[in-house]
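Peer 1: here is a sequence with its predicted model. Questions after.
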Amino acid sequence: MTSIDQVGNNNTAEQFLFISESGPRTEAAINQSGDDNVAKQDGFNPRGRLDLTIVQDGNSNEAFQNSRARDVVAVTNQTGDFNFADTFQEGRDNTALITQYGDDNEAWASQIGDLNHASIDQMGDGNFGEIDQMGNNNSASISQ
């Protein structure tokens, strides 16, 4: 499944999935509603699962996701105006979840290593959250 759905004006969406060999499960989806949204997804999937999902509702939202290894799950969900989210993953079996409701929120998640889990939930306006994980078996969560 590869899907891009956009409603409104001046939306931008890019998906790049490079799968060297066919592995089980590859999915990617970008859903945008409103004006001036930007969403980009990368991928790689060396013989493994890759789920990337970006859902945005509102105006002037941005979301970037970048993944490399197998069994990666990166989900960004934004509702509101002028939100920014960026996720970078390199390693195996990493999960990063970002959810933002409100305006002017910013979230960063970076994972380098294996078996890492990051979750950022931001409700309201003007929040900033950042998680940087290096190594293996890390877990971090931010709720604001």
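Peer 2: Noted; the coordinates are in hand. This structure is a prediction, so every number in the text was calculated from the model and none was measured.
Peer 1: rest of the way, CA atoms for contacts and neighbours
Peer 2: Will do.
Peer 1: show me what contacts W108?
Peer 2: Contacts for W108 were tallied using CA atoms under 8 Å, 6 or more residues apart in numbering; they are 85-87, 129-131.
Peer 1: could you list which of the residues you listed belong to helices?
Peer 2: Among the contacts of W108, none falls in helices (DSSP state H).
Peer 1: pick the one among these closest to F16.
Peer 2: T87 (14.9 Å; CA to CA).
Peer 1: so what's the closest one scoring on pLDDT?
Peer 2: On pLDDT, T87 comes in at 92.
Peer 1: do the same with the one 5 residues further on
Peer 2: At R92, the pLDDT value in this model is 86.
Peer 1: tell me the mean pLDDT over stretch 43-56?
Peer 2: Here stretch 43-56 scores 81 as its mean pLDDT.
Peer 1: same question for stretch 67-83.
Peer 2: On average, stretch 67-83 scores 83.
Peer 1: now do the end-to-end distance for that stretch.
Peer 2: 21 Å (CA to CA, to the nearest Å).
Peer 1: again, but for stretch 96-105
Peer 2: 17 Å.
Peer 1: try stretch 115-132
Peer 2: Start-to-end span of stretch 115-132 (CA to CA) is 14 Å.
Peer 1: stretch 113-129 too?
Peer 2: Its start and end residues considered, stretch 113-129 measures 20 Å (CA to CA).
Peer 1: ok, now stretch 133-140?
Peer 2: End-to-end distance for stretch 133-140: 8 Å, by CA to CA.
Peer 1: list the buried residues for that stretch?
Peer 2: 133, 136, 138 (16 or more other CA atoms under 10 Å).
Peer 1: now the buried members of the contacts of W108.
Peer 2: The buried subset of these - by 16+ other CA under 10 Å - is 85-87, 129-131.
Peer 1: got JSON lines for the residues you listed, with distance to D104 too?
Peer 2: Conversion of the buried ones among the contacts of W108 to JSON lines gives the following (distance: CA to CA, whole Å):
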{"residue": "A85", "distance to D104": "11"}
{"residue": "D86", "distance to D104": "14"}
{"residue": "T87", "distance to D104": "17"}
{"residue": "G129", "distance to D104": "12"}
{"residue": "E130", "distance to D104": "15"}
{"residue": "I131", "distance to D104": "18"}
